[in-house]
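**Student:** Based on what follows, work out the 3D shape:
(chains A and B)
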Amino acid sequence: MKNKIENIIDAVVKNYCETQNAVLPDGFSYDLHPPKDSQHGDLSCNIAFKLAKVTRQKPFEIAAELMRLLEQKPAKDSPVAKTELAGGGFINFFLRKEDLGTVLLEIHKQDKNYGRSDFGKGKKAILEFVSANPTGPLTIAHGRQAAVGDCLARILKFTGHAVHTEYYLNDAGRQMRMLAQSVWARYNELLGMEMPFPEDGYQGDYVREIARDIIEKEKKDGLLREPEEKAVEYCGLYAVKHLMGSIEEDLAKMRVHFDHYFSEKTLYAKKAVEHALAVLKEKGYLYESEGALWFRSTDFGDDKDRVVKKSTGEYTYLAPDIAYHLSKYERGYNMLANFWGPDHHGYIPRLKAACQVLGYPPEAIHIGIVQLTTLFRKGQPVRMSTRAGEFVSLRELYEEVGVDATRFFFVMRRQESHLDFDLDLAKEQSQENPVFYLQYAHARIASLAKYAEQGITAPPSVAGSRSKAGKVDLKLLASSEESELIGCLSQFSDYLIQASRTTEPYRLADYLRQVAACFHKFYSHHRVVTEDKELTKARLLLADATRIVLRNGLELLGISQPETM
RNA sequence: GCCCCCAUAGCUCAAUUGGAUAGAGCAUCUCCUUCCUAAGGAGAGGGUUGCAUGUUCGAUUCAUGCUGGGGGCACCA
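**Tutor:** Purely as a prediction, here's the structure:
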């Protein structure tokens, strides 16, 4: 429906430009969407204001001229019932009720595909997120990154991108050695040997448990008789395997899927780091100073140039990371999105710089921060500290409040904003809980459909209304609540595109709340199943279209869609 | 000291690439159920969008400065 209006407007604008001898600049665009105030019509357009910039004429006069042209050459088959000039230059379109409602038939026809678009045009996107070092269980912070990244992956797929998700596994650095040494120290301690615990070692109980596992399930006290170097290495490998197992288990429980776990180690094995630095050098962004190798990241807006190879001959963290991103480029991904914790804030400019050198245009690079979460219990913040080993793990969270609430709370705010997570609210199965508000709407519709099927007046079932959808009289859905709900449902795809463009899944969560609110409002104002069979049919169609949007939307958020509550 | 982010109702947050009278939820108060799930709905109160200047037909949105809060400034990862 919107497309039809767009075509009409485009034709008139073309016509107008010819009479004015005006040429539209590149990237010229205008808005066409339902206005906040439904009194302003079903679709509102700001084209006159935009044209004013080009032709330097008054918006109101332009709009008046456009209206004149519109009336002069009315498009055949136009769904527009009335056009109105208002607010100093807005052109408002009022659609015929029966045309407005055709979106409901569209929703039924497309069903699980309703909301899909080709916005991404098949672009190959690679999403990297979580990428937690396997030095402990996943934390709440990782959980939010997981939820945001996974939702975005689902949304990008739905909006026409070829999406690949990856977890970058730092299995080669100093923290790995520290983990190995920590486990080795606990191993010795458990066997009654004297051994000081490493100064910056990992204090958490899980380290001791891993050491105990090695003793009980694998080696008994055998490691003591091996060369220390080998024993430590064994501890490290065992710990990584164990921790990654637990991490993957958490992610699976959270319904977060990764297509690939990319090991940092493999970069060294393939000499990929040398290769990457050679590329930088070839492009002229590498230089030597004070015995170290530097990347000239300041050419791309970084504060200072960055060392990639220390004077000791070791690589910094940045070097393999550049190699990793070169691999993304060489594997053909033309859009990349990374989600990191706030501690990586200052690291963004240098990696963006690197990605640009490697060949990515700036607009294809989306490196974003997912801010921290503070848990609240009884109005008080819950203390979390990884250092002391007393953190609240992601597992504890989703086991306490459930995966649905966990995922929803994690994505319901813009990811760059700090999140307050009210544990009591998330567990409460009540009106105050936003995730239940959505699920309740879905369950209500399911229940409504069941009721309709066994209704005394024998109205058509929802399934039946689908097959006979063409016979539904859409004009009957004329109340403001019904129009509002229809308008809301028709915007599903717009919001998904917006979420894709900004890489912000919270926009979908926000939209679904609108859908649920519109439905609840409609439901409480109008009885769906009545003696009036035609009206019942139309309203059931509307309810079922709402169900489809809610289901598709919740699916994209990775949240279940209960039939009963 | 330098750089980045944030500042909207008492609280938590929205406001569609700059659009019409800045909206929800919570909290406070009032009301709605012989009838499809009241886990819902209707209404009231609550705002100089931190301050100032500028750009614009139009600014919560953009620019500059200031105030207040958070984070970052490694040959760490």
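**Student:** ok, what's across the strand from residue A:338?
**Tutor:** According to DSSP bridges, the residues that bridge with residue A:338 are residue A:128, residue A:367.
**Student:** And it, what's its pLDDT?
**Tutor:** The model reports residue A:338 with a pLDDT of 93.
**Student:** Just give me the neighbour total for it.
**Tutor:** 26 (other C-beta atoms under 10 Å). No exception for glycine: its C-beta is placed from N, CA and C like everyone else's.
**Student:** Equivalent analysis for residue A:109, please.
**Tutor:** Neighbours around residue A:109, by other C-beta under 10 Å: 11.
**Student:** Would you verify that it is located in a strand?
**Tutor:** No: using DSSP: H, G, I helix; E, B strand; the rest coil, the assignment for residue A:109 is helix, not a strand.
**Student:** Look up how far RNA strand B lies from it.
**Tutor:** To RNA strand B, residue A:109 is 24 Å away according to C-beta to the nearest atom of the strand, to the nearest Å.
**Student:** Check residue A:64 too.
**Tutor:** Distance from residue A:64 to RNA strand B, by C-beta to the nearest atom of the strand: 14 Å.
**Student:** pLDDT score for residue A:395?
**Tutor:** pLDDT at residue A:395 comes out at 93.
**Student:** Name the secondary structure element that contains it.
**Tutor:** helix A:394-401 (DSSP states H and E).
**Student:** So what touches that helix?
**Tutor:** Applying C-beta atoms under 8 Å, 6 or more residues apart in numbering, the contact partners of helix A:394-401 are A:137-140, A:142-143, A:146, A:250, A:253-254, A:375, A:406, A:409, A:423, A:426-427.
**Student:** From the structure, what's the count of residues near the residue of the stretch 251-400 of chain A found nearest RNA strand B?
**Tutor:** Here the stretch 251-400 of chain A gets closest to RNA strand B at one residue, residue A:346, 2.2 Å apart by C-beta to the nearest atom of the strand. Residue A:346 has 9 neighbouring residues, counting by other C-beta under 10 Å.
**Student:** Likewise for the one 3 residues further on?
**Tutor:** The burial metric for residue A:349, expressed as a neighbour count using other C-beta under 10 Å, is 18.
**Student:** Let me know the distance separating it from residue A:178.
**Tutor:** Residue A:349 sits 28 Å away from residue A:178, going by C-beta to C-beta, to the nearest Å.
**Student:** cool, residue A:68 as well?
**Tutor:** 75 Å.
**Student:** Could you find the residue nearest the spatial middle of chain A?
**Tutor:** residue A:152 (2.5 Å; C-alpha atoms, centre = their mean).
**Student:** which residues touch it?
**Tutor:** Residue A:152 neighbours (C-beta under 8 Å, 6+ apart): A:127, A:337, A:499-500, A:503-505.
**Student:** And residue A:440, by the same measure?
**Tutor:** Contacts of residue A:440 by C-beta under 8 Å, 6+ apart are A:516, A:565.
**Student:** Now the residue of chain A most remote from its centre: phi and psi?
**Tutor:** The C-alpha centroid of chain A is most remote from residue A:225, which lies 50.8 Å away (C-alpha atoms, centre = their mean). Phi and psi for residue A:225, reported as degrees, to the nearest 10, are phi -90, psi 0.
**Student:** can you list the domains in chain A?
**Tutor:** When chain A is parsed with automatic domain parsing, its domains come out as A:2-95, A:102-119+A:431-557, A:124-170+A:256-369, A:174-253.
**Student:** ends of the second one, how far apart?
**Tutor:** Start-to-end span of domain A:102-119+A:431-557 (C-alpha to C-alpha, to the nearest Å) is 27 Å.
**Student:** Residue A:68 and residue A:178: which is more packed in?
**Tutor:** residue A:178 (17 against 11).
**Student:** Next, count neighbours for the spatially closest residue to residue A:505 that is not a sequence neighbour.
**Tutor:** Residue nearest to residue A:505 in three dimensions, not counting chain neighbours: residue A:151, with 3.8 Å by C-beta to C-beta, 6 or more residues apart in numbering. Residue A:151 has 26 neighbours, counted by other C-beta under 10 Å.
**Student:** my guess is residue A:151 contacts residue A:555, does it?
**Tutor:** No: at 10.5 Å, residue A:151 does not count as touching residue A:555 under the criterion of C-beta atoms under 8 Å.
**Student:** do you know how far residue A:143 is from RNA strand B?
**Tutor:** Counting by C-beta to the nearest atom of the strand, the gap from residue A:143 to RNA strand B is 17 Å.
**Student:** For that residue, report the pLDDT, please.
**Tutor:** In this prediction residue A:143 is given a pLDDT of 93.
**Student:** can you tell me how far it sits from residue A:426?
**Tutor:** As judged by C-beta to C-beta, residue A:143 and residue A:426 stand 13 Å apart.
**Student:** and the residue farthest from the centre of chain A, what does it touch?
**Tutor:** So residue A:225 contacts nothing (C-beta under 8 Å, 6+ apart).
**Student:** do you know how far it is from RNA strand B?
**Tutor:** 31 Å.
**Student:** again, but for residue A:508
**Tutor:** 11 Å.
**Student:** Checking that residue next. Helix, strand or coil?
**Tutor:** Residue A:508 ends up helix, using three-state DSSP.
**Student:** before we move on, what about residue A:349?
**Tutor:** Strictly by three-state DSSP, residue A:349 counts as helix.
**Student:** Run a quick neighbour tally on the closest residue to it other than its chain neighbours.
**Tutor:** Spatial nearest neighbour of residue A:349, chain neighbours left out: residue A:302 (4.1 Å); criterion: C-beta to C-beta, 6+ apart. Burial measure for residue A:302: 20 neighbouring residues, criterion other C-beta under 10 Å.
**Student:** and if you look at residue A:216?
**Tutor:** There are 10 residues near residue A:216, going by other C-beta under 10 Å.
**Student:** Tabulate the CA atom coordinates of the helix or strand containing the residue nearest to the centre of chain A in PDB.
**Tutor:** Assigned by DSSP H and E, residue A:152 belongs to helix A:140-158. Backbone C-alpha positions of helix A:140-158 (Å, rounded to 0.1, in the frame of the first residue of the first chain) are rendered in PDB as follows:
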ATOM      1  CA  ILE A 140      26.000 -10.900  32.800                       C
ATOM      2  CA  ALA A 141      27.800  -8.500  30.600                       C
ATOM      3  CA  HIS A 142      28.600 -11.300  28.100                       C
ATOM      4  CA  GLY A 143      24.900 -12.300  28.300                       C
ATOM      5  CA  ARG A 144      23.700  -8.900  27.100                       C
ATOM      6  CA  GLN A 145      26.200  -8.900  24.200                       C
ATOM      7  CA  ALA A 146      25.000 -12.400  23.300                       C
ATOM      8  CA  ALA A 147      21.400 -11.400  23.300                       C
ATOM      9  CA  VAL A 148      22.000  -8.200  21.300                       C
ATOM     10  CA  GLY A 149      24.200  -9.900  18.800                       C
ATOM     11  CA  ASP A 150      22.000 -12.900  18.300                       C
ATOM     12  CA  CYS A 151      18.900 -10.800  17.900                       C
ATOM     13  CA  LEU A 152      20.600  -8.600  15.400                       C
ATOM     14  CA  ALA A 153      21.800 -11.700  13.500                       C
ATOM     15  CA  ARG A 154      18.200 -12.900  13.200                       C
ATOM     16  CA  ILE A 155      16.900  -9.400  12.200                       C
ATOM     17  CA  LEU A 156      19.700  -9.000   9.500                       C
ATOM     18  CA  LYS A 157      18.800 -12.400   8.000                       C
ATOM     19  CA  PHE A 158      15.200 -11.400   7.900                       C
END
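**Student:** Show residues contacting the next helix or strand after that helix.
**Tutor:** Per DSSP H and E, the first helix or strand lying C-terminal to helix A:140-158 is strand A:162-169. Residues outside strand A:162-169 that contact it (C-beta under 8 Å, 6+ apart) are A:120, A:122-131, A:134, A:149-150, A:153, A:156-157, A:244, A:257-264, A:324, A:333.
**Student:** Same check on stretch A:403-417?
**Tutor:** A:143-144, A:146-148, A:151, A:253-255, A:339, A:368-371, A:373, A:397-398, A:401, A:419, A:421, A:426-427, A:433-435, A:438-439, A:504-506, A:508-510, A:557-560.
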